[in-house]
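Engineer: missing the sequence, but the structure's below:
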């Protein structure tokens, strides 16, 4: 699992509330990624980071922001959650050419 | 979109049979990777094939890559019940450190 953890693992929240998901890695990998996985869409890249304070947008970045103040932590924030953001969120790191994934966070927005 | 596309979307076979899944992509790549995802779990990397390779083996897995057709196939031989999972291909962009995933093939192995 390349030392990747995600928290929380499950969250239920209401529309309009802010939500922050955390990805933590223990092996000082430079690149970190946030994906969402939805039926019929596979995995879609939200944002990624290529170093502390260095981030870039992915395919579906609208409504999401990220921060990386330390190498080991990559935070994904939904400033005002919407029902369309109900999904399973995966964090990943890049080690060589391979991406290693965390266990996922299941987010439900009511 | 530069997304890879898997075919078929779902495949159901008997234990012991071979399973073949295909992936097509749109842009030039450095490498193509296959991942497995068991229900409710994260993705696990299976195999990587580089653009200058045509075939690669790992245990019961065989991956082929045809860059002229922008396609790849994953063959699982002598399937087992434990192979039941979703399988995703992922491609990189040349020069970009990020992957684009297809929608996956859901494989069911029937005992």
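Structural biologist: Good, I have the coordinates. Treat the numbers as computed from the prediction; the structure is a model and nothing was measured.

Engineer: So which bits of chain B are right by chain A?
Structural biologist: Applying the criterion Cβ under 8 Å from any Cβ of the partner chain, the portion of chain B that neighbours chain A consists of B:1, B:3, B:30-31, B:33, B:40-45, B:48, B:88, B:90, B:92, B:97-104. Bear in mind the C-beta positions are built from the backbone N, C-alpha and C, glycine included.

Engineer: Just the buried subset of the residues you listed, written out for ChimeraX, thanks.
Structural biologist: Selecting just the buried residues from the residues of chain B next to chain A in ChimeraX takes one command, with 16 or more other Cβ atoms under 10 Å in any protein chain shown as the test:
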select /B:3,31,33,42,43,45,48,88,90,92,98,99,100,101,102,103,104
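
Engineer: For chain A, what lies in contact range of chain B?
Structural biologist: By the criterion of Cβ under 8 Å from any Cβ, the positions of chain A lying close to chain B are A:1, A:31, A:33, A:35, A:40-45, A:48, A:50, A:58-59, A:90, A:92, A:94, A:97-104.

Engineer: again, only this time at 10 Å
Structural biologist: Residues of chain A lying close to chain B by Cβ under 10 Å from any Cβ of the partner chain are A:1-2, A:4, A:6, A:30-31, A:33, A:35, A:37-45, A:48, A:50, A:56, A:58-59, A:88, A:90-92, A:94-104, A:106.

Engineer: circling back: can you list which of the residues of chain B next to chain A are found in helices?
Structural biologist: Among the residues of chain B next to chain A, no residue falls in helices (DSSP state H).

Engineer: what's the helix or strand harbouring residue A:11 in contact with?
Structural biologist: Under the assignment given by DSSP states H and E, the secondary-structure element containing residue A:11 is strand A:10-13. When contacts are defined by Cβ atoms under 10 Å, 6 or more residues apart in numbering or on different chains, strand A:10-13 is touched by residues A:19-21, A:78, A:81, A:85-86, A:88-89, A:104-110.

Engineer: and the spatially closest residue to residue A:20 that is not a sequence neighbour, what is it in contact with?
Structural biologist: Computed as Cβ to Cβ, 6 or more residues apart in numbering or on different chains, the closest residue to residue A:20 that is not its neighbour in sequence is residue A:77, at 4.8 Å. When contacts are counted by Cβ under 10 Å, 6+ apart, residue A:77 touches A:18, A:19, A:20, A:21, A:47, A:63, A:64, A:65, A:66, A:67.

Engineer: Test my guess that residue A:4 contacts residue A:90.
Structural biologist: Yes - Residue A:4 is within contact range of residue A:90, at 9.5 Å (criterion: Cβ atoms under 10 Å).

Engineer: so what's in contact with the two at the same time?
Structural biologist: Common neighbours of residue A:4 and residue A:90, using Cβ under 10 Å, 6+ apart, are A:23, A:101, A:102, A:103, B:42.

Engineer: ok now do the third one, which residues does it touch?
Structural biologist: Put plainly, it is residue A:102. Applying Cβ under 10 Å, 6+ apart, one finds that residue A:102 lies in contact with A:1-7, A:9, A:22-25, A:32, A:34-35, A:89-93, B:42-43.

Engineer: List phi and psi for it.
Structural biologist: The phi and psi torsions at residue A:102 (degrees, to the nearest 10) take the values phi -80, psi 180.

Engineer: ditto for the second one
Structural biologist: As for residue A:101, its main-chain torsions (degrees, to the nearest 10) stand at phi -110, psi 150.
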